[in-house]
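J.: attaching a predicted model along with its sequence, questions to come.
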Amino acid sequence: MPRVKAAQAGRQGPAKRRLAEHFAAGEIITDMTKKEWKLGSPIGQGGFGCIYLADMNSSKSVGSDAPCVVKVEPSDNGPLFTELKFYQRAAKPEQIQKWIRAHKLKYLGVPKYWGSGLHDKNGKSYRFMIMDRFGSDLQKIYEANAKRFSRKTVLQLSLRILDILEYIHEHEYVHGDIKASNLLLSYKNPDQVYLVDYGLAYRYCPEGIHKEYKEDPKRCHDGTIEFTSIDAHNGVDTEKILQV
């Protein structure tokens, strides 16, 4: 067998993951701090999990104006576990506020982490995470605007995205899947843009020690194919420059 083909044959794709079953509106889940949250209607579904409207538990049903969402996946799936580790290490509300004050920003486009936990349903275990609710994504807005943004809009978006990347890189992470559909507008303030979905985030510099440049067959092609760098196609995800 030629050497190139042998190398390709040794590469493994991502493991097949289970999908989450549907949760009914009104179901109560309890996070690790014993705070109770009530689920509302589903508003989205990804490759492995579902997203529901959510609010703190009360006698009222969760309305369409709910301030939070909950992301739910089977507990043995990897993406939400990875995302949670990022949020727990780098996206607590007090961390984000400290950065905003220190850098004199009006806001920072990193979602705030409000809680997480495990929930059993029909004998199966599910992992969940509570986060801020957002509005439309830039991909939908771009397509609705005849696939054009003004120069002013592009420059403003670029500055805010650079703020986000500076923050997550300073907190030892790379995002791993930057694209327009992962850039969402704030639900309450549509002038603000946030980078979401840290399921492929990677801690490239734990404790200040940069991980070596290394090809990992298990991580080949991670991310969205049309935006993936050549190095990422080879399974390398430790370089900040690959995110820009």
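T.: Looks like it came in fine.
J.: quick check, central residue of this structure?
T.: The chain has residue 197 as the residue nearest its centroid, 1.6 Å off, counting by C-alpha atoms, centre = their mean.
J.: that one reaches residue 178, doesn't it?
T.: No: between residue 197 and residue 178 there is no contact under C-beta atoms under 8 Å: 9.5 Å. All C-beta spots, glycine's among them, are computed from the backbone N, C-alpha and C.
J.: tell me which residues of the longest helix seen in the chain come out buried.
T.: For the chain, the longest helix by residue count, based on DSSP state H, is helix 151-170. Buried residues in helix 151-170, counted by 16 or more other C-beta atoms under 10 Å: 157, 160, 161, 163, 164, 165, 167, 168, 169.
J.: what ranges does this protein have for its helices?
T.: Taking DSSP H as the criterion, the chain contains helices spanning 3-9, 79-90, 93-102, 138-144, 151-170, 230-233.
J.: quick check, pLDDT for the closest residue to residue 124 other than its chain neighbours.
T.: Leaving aside its chain neighbours, residue 124 sits nearest to residue 74 (6.8 Å; criterion: C-beta to C-beta, 6 or more residues apart in numbering). What the model reports as pLDDT for residue 74 is 92.
J.: wait, isn't residue 93 in contact with residue 110?
T.: No: Residue 93 is beyond contact range of residue 110, at 10.4 Å (criterion: C-beta under 8 Å).
J.: more neighbours, those two?
T.: residue 110 (24 against 11; other C-beta atoms under 10 Å).
J.: JSON lines please, covering the helices of the chain and showing mean pLDDT.
T.: What follows is the helices of the chain, written out as JSON lines (pLDDT from 0 to 100):
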{"stretch": "helix 3-9", "mean pLDDT": "42"}
{"stretch": "helix 79-90", "mean pLDDT": "92"}
{"stretch": "helix 93-102", "mean pLDDT": "97"}
{"stretch": "helix 138-144", "mean pLDDT": "97"}
{"stretch": "helix 151-170", "mean pLDDT": "97"}
{"stretch": "helix 230-233", "mean pLDDT": "52"}
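J.: would you list those helices in JSON lines and tack on distance to residue 40?
T.: Below are those laid out as JSON lines (distance: least, C-beta to C-beta, whole Å):
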{"stretch": "helix 3-9", "distance to residue 40": "46"}
{"stretch": "helix 79-90", "distance to residue 40": "19"}
{"stretch": "helix 93-102", "distance to residue 40": "22"}
{"stretch": "helix 138-144", "distance to residue 40": "22"}
{"stretch": "helix 151-170", "distance to residue 40": "28"}
{"stretch": "helix 230-233", "distance to residue 40": "36"}
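J.: who wins for proximity to residue 44 among these?
T.: helix 138-144 (12.3 Å; C-beta to C-beta).
J.: contacting residues around the closest one?
T.: 148, 149, 157, 179, 180, 181, 183, 184, 185, 193 (C-beta atoms under 8 Å, 6 or more residues apart in numbering).
J.: gap between it and the chain center?
T.: Centroid separation for helix 138-144 versus its chain: 19 Å, with C-alpha atoms, centre = their mean, to the nearest Å.
J.: break the chain into its domains for me.
T.: 20-132, 134-244 (automatic domain parsing).
J.: which of these has the lowest mean pLDDT?
T.: Ranked by mean pLDDT, the domains of the chain end with domain 134-244 at the bottom, a mean of 80.
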